[in-house]
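Peer 1: Sequence first, then the predicted structure:
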Amino acid sequence: MRGRLWHLALYIFVLGFILNLLGIVTHVTMSAFAKRWFGTPLPPQFTTDWFVYAWNNFDLDRVLTVTVTVALAVVALALAIAYPAAYILARRNFRGKALLLLLYFLPLVIPQMTYGISLATTLYGWPIGGTIVAVILANLVPMVPLAIFVLIPFFEQVSPNLEWGAQTLGASRAQIFRRILLPLTIPGLLTAGVLILVNTVSNFELTFLVSGSGSQTLVVALFYNVFAGGVRPVYSVDAMALMYMTTVLVLLLIALRFVRPTQMVFRLDRA
Amino acid sequence: MSSQLGSLRFRITKRFGAKTVLDDFALTVRGRQFVTLLGPSGCGKSTALNIVAGLIPASDGELWIDDERMDHLPTEKRGFGMVFQNYALFPHMTVYGNVAFGLELQRRPAAEIRDRVQRMLQLVQLPGYEERYPSQLSGGQQQRVAIARALVMHPRLLLLDEPLSNLDAKLRIEMRAEIKRIHARLGLTCIYVTHDQTEALSLSDWVVVMRDGVVMQAGPPQEIYDRPDNVFVADFMGFRNFFPGEVTSAGADGQAEVASGPLRIRGRPRRTLASGEAATAAIRPEDVQVGGEAAAPNRFDGKVEIVEYLGRDNEAVLTLASGTSLWVRTPAHLSPGETVPIAFPPDKVILLAGAAEPRPT
Amino acid sequence: MRGLRRGEPRELDLMAVACLAPSVLYVVLMFVYPFLRGIYLSLRPGKEPVGLSLANYVAFFSDEWQYGTIWITFSLAVPTTIVVVATALFLAYGMRRGIRMERTITTILVLPVSLGVILLSIGIQGFYGTRGWFNQLLVGSGLISEPLRLTNNHTGVMLSLFMQQFPFCFLMLLGYISGIDPTLEKSARTLGAGSWTVFRRVMFPLIAPGLAIAFALVFVMSFAVFPSAILLGQPAGSTRTIAIAAYHQAFEHYDMSYASAIAVIMGLCQLAGLVLIVLVRQRMVLAPTMGVGKR
């Protein structure tokens, strides 16, 4: 009997959560398509003008290019740097391994605001400060460790016997990598890649702190437009928000084909 | 001492979705009896035990203790002790803490608890282990603590769910003797669940053989062992050679003959068989007489295919003239390829009604 | 080139070092170095810094506008953490034996985090605003007469924080609790323990370590709250968090030294919170084992 009440409470909560989420998302959507809306349940008139307005006024073509560039660059670089490290960490035990893992763990567990400010000041001290390169570099800080931690279990699943067997058959290092390791770890690369992609596109604090006016990603530009206050009509901001949301949802749908929902959340989220 | 149980009666049906795991499974257990539910995995024995304990609700049925209906009572009010396969000792409590747990919940005076716990640890032969933690104990010791924890409550019924399966062979034999000793000493009513034939035979007063939620045979160990009712139980009890066929003569002197292919086999029928009825003859590998003076009836020639040396005996597979395979266990020396005379002593052959079903894997 | 060997030695060969080097160098260069540099910078205030000085820290703690942010941030982070962890525990415990549609529910819970804090804040602002649907519903149906003030204040920020932190905390606790041996519970019940006793004496002590971690992580994350505090709060008033203070110093006053100092103070507060949680946890470990009748 007690169990039933519990389950009821759970379902009510989940329902509440869904309605909450639905309400929030739908509201933004409505507003994006509203000509004008003030206190009524539904907007009196709908229009798509705000999307055009947003596109024209918010520099969206540049912002989107930046976002795509940053995301792809971070994915590629993070995977390249993390892959060999994950291999060694999965296969070997050595003195100081625990310390090394702790080191990798720190950027994931320390909030971005806490280390972001000093990272930003350092980057601004170098000639690349405020550029797209700075954004890429900053995003790599938490993403390289993330890639490592995601890849390690995938390497652990590939039995060392396979490599030893290949060696007895005369394969060189490069051949083992190309024909055995790489094909068998593609699921890992996909999983890590997808997680990095979603994370980078939606990353706020780090990108916010290190980007300049020409190197903002979609989220950061969105923030500035909101925070700019009355200068921007709220509907246009909501239109932009909707565009951002669609992008993320599409990415999420793709991501969920490769990744369990639980893994999405185990990068550390932000406030 | 343990509060005595008069009798436990139940009849339960349990469905998981579309699958019926227990189909009107009925049993009466009398006080001081040691009853074993024996069967392969998935036969429903653990489910039945969990339902008796109140941990799982039955889909249908009733449970009576001494003419009092119990099904609506939650587990914590039933007063049955239970011992689990994986011991389920609380890892964050000492041995003392574990054994005292139930008594503390009853708010017994501290002195009484101390006394009872110590006496119980004596009983399971672990005196002085109070301050150890479960992680510091071996498997056998952990199982004894688990038993002590259940017994210290003076339950009127003890439920044991494959308690010895996680132990190695030698320990299992020791613990079996332990359980038998405790049962004799306390006169406790027990329901025991296992898939191990040896445990069932050695510990029980009454064995219930189950398959797919249905009782295949129930009775004292000797009866289950010597006179299985059907092919499933016979197979479970070690009869590995089955010869399906028809009754040719329902003889006098308690014997009958079955024709299985070209073979004519005489044996003891489990119940009266009519001529022409479908029946299966069965014999244990160790009961087959190999070599020597083989008197009719049931005399055949077998060609030895494989021989396995097992130390005391050899286990061999022979092929009979009819092409059937025969498992044999004998101290006699056999070589692959040779043909040996063998015989089935008629009093060791049982005749079961019905055609043999496909052998369970 | 050296191949792989069974029974690897505890040292690393050249290839292993080459594999690890890029990532180690990167983390050291782009994380450890800026972090340490930030601390160093915070001790060199002013245009022409001379040696090390605690002037920034003194300035921070002399200015109520600044040190007040510590209290504000705690007053946001602590209640949020308690509510998030308590709710997550309640629900995760109830779901420990699995429920139908677990995957669907998990996916739904993961959405807020994936959508991101900005979008969520914008949405909350619209939906829970005084003229948003939530208030329209409550007022329109006659349940309340005045719309509730749920945005542009403390409440709005906490709402956003909850939606961000809850999924992670819940999933973590769910995983942790599911990992506890289910027969322990069964066994306790056969010994006469009712549901509450089972929780209090058997399950809770075993969940406690996971709970402490959840508390720690949620607290640390909540303490660094930034965009929510700006979008849904009063960044110049009641929800001026320490992160906002640090940001202002860095990007509006361009005083990197002072900003770094504030970031250091923020880190220390988070550390203090962690230490507190560890201490409480230690005290809790001793309590449940003290029972009646123990020698």
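Peer 2: Nice, I can see it. Note that this is a predicted model, so its numbers are computed, not measured.

Peer 1: What's the separation between the residue of chain B found nearest chain A and C:Gly194?
Peer 2: Ranking the residues of chain B by distance to chain A (CB to the nearest CB) places B:Pro74 first, at 9.1 Å. C-beta coordinates here come from the backbone N, C-alpha and C atoms, glycine included. Using CB to CB, to the nearest Å, B:Pro74 is found at 8 Å from C:Gly194.

Peer 1: next one: B:Val99
Peer 2: Taking CB to CB as the measure, B:Val99 falls 20 Å from C:Gly194.

Peer 1: Tell me which of the two has more neighbours.
Peer 2: Legend: neighbour count by other CB atoms under 10 Å in any protein chain shown for B:Val99 and C:Gly194, higher for B:Val99 (31 against 16).

Peer 1: sorry, back to before: phi and psi next, for the nearest residue to the residue of chain B closest to chain A once chain neighbours are set aside.
Peer 2: Spatially, and ignoring its direct neighbours in sequence, B:Pro74 is nearest to B:Gly54 (5.9 Å; CB to CB, 6 or more residues apart in numbering or on different chains). The phi/psi pair for B:Gly54 (degrees, to the nearest 10) reads phi 90, psi 10.

Peer 1: Provide a list of residues in contact with B:Gly54.
Peer 2: B:Gly54 makes contact with B:70, B:73-75, B:78, B:80, C:189 under the criterion CB atoms under 8 Å, 6 or more residues apart in numbering or on different chains.

Peer 1: Filter these down to the buried ones and hand me the PyMOL line.
Peer 2: With 16 or more other CB atoms under 10 Å in any protein chain shown as the criterion, this PyMOL line picks the buried residues out of the contacts of B:Gly54:
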select buried, (chain B and resi 70+75+78+80) or (chain C and resi 189)
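
Peer 1: For stretch C:135-146, give me every contacting residue.
Peer 2: With contact meaning CB under 8 Å, 6+ apart, stretch C:135-146 is reached by A:39, A:41, C:128-129, C:147-148, C:150.

Peer 1: Now a ChimeraX select for only the buried ones of the residues you listed.
Peer 2: Here is the ChimeraX selection string for the buried members of the contacts of stretch C:135-146, based on 16+ other CB under 10 Å:
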select /C:128,129,147,150
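
Peer 1: Distance to chain B added to the contacts of stretch C:135-146, as a markdown table?
Peer 2: Converted to a markdown table, these look like this (distance: CB to the nearest CB, whole Å):
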| residue | distance to chain B |
| --- | --- |
| A:Gly39 | 51 |
| A:Pro41 | 44 |
| C:Tyr128 | 42 |
| C:Gly129 | 47 |
| C:Pro147 | 47 |
| C:Leu148 | 42 |
| C:Leu150 | 42 |
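
Peer 1: And the helices in chain B?
Peer 2: B:45-53, B:95-105, B:110-123, B:139-151, B:169-186, B:197-203, B:221-226, B:231-236 (DSSP state H).

Peer 1: can you tell me which helix in chain C is longest?
Peer 2: Ranked by residue count and defined by DSSP H, the top helix of chain C is helix C:256-289.

Peer 1: other SSEs contacting it?
Peer 2: Judged by 3 or more CB pairs under 8 Å, 6 or more residues apart in numbering or on different chains; DSSP states H and E, helix C:256-289 is in contact with helix A:112-125, helix C:33-42, helix C:55-62, helix C:64-94, helix C:204-223, helix C:242-251.

Peer 1: what stretches of chain B score poorly on pLDDT?
Peer 2: B:1-3, B:251-252, B:292-296, B:355-361 (pLDDT under 70).

Peer 1: Okay, domains of it per the record?
Peer 2: Structural domains assigned to chain B are B:7-226, B:239-353, following automatic domain parsing.

Peer 1: Which one, of those, ends up nearest to A:Leu256?
Peer 2: Proximity to A:Leu256 (CB to CB) singles out domain B:7-226 among the domains of chain B, at 27.6 Å.

Peer 1: now the end-to-end length of that closest one.
Peer 2: Length of domain B:7-226, first residue to last, CA to CA, to the nearest Å: 28 Å.

Peer 1: quick one: low-confidence ranges for the stretch 1-150 of chain C?
Peer 2: By pLDDT under 70, the weakly predicted segments of the stretch 1-150 of chain C are C:1-10.

Peer 1: so which residue of it comes closest to chain A?
Peer 2: Closest approach between the stretch 1-150 of chain C and chain A, counting by CB to the nearest CB: C:Gly38, at 2.6 Å.
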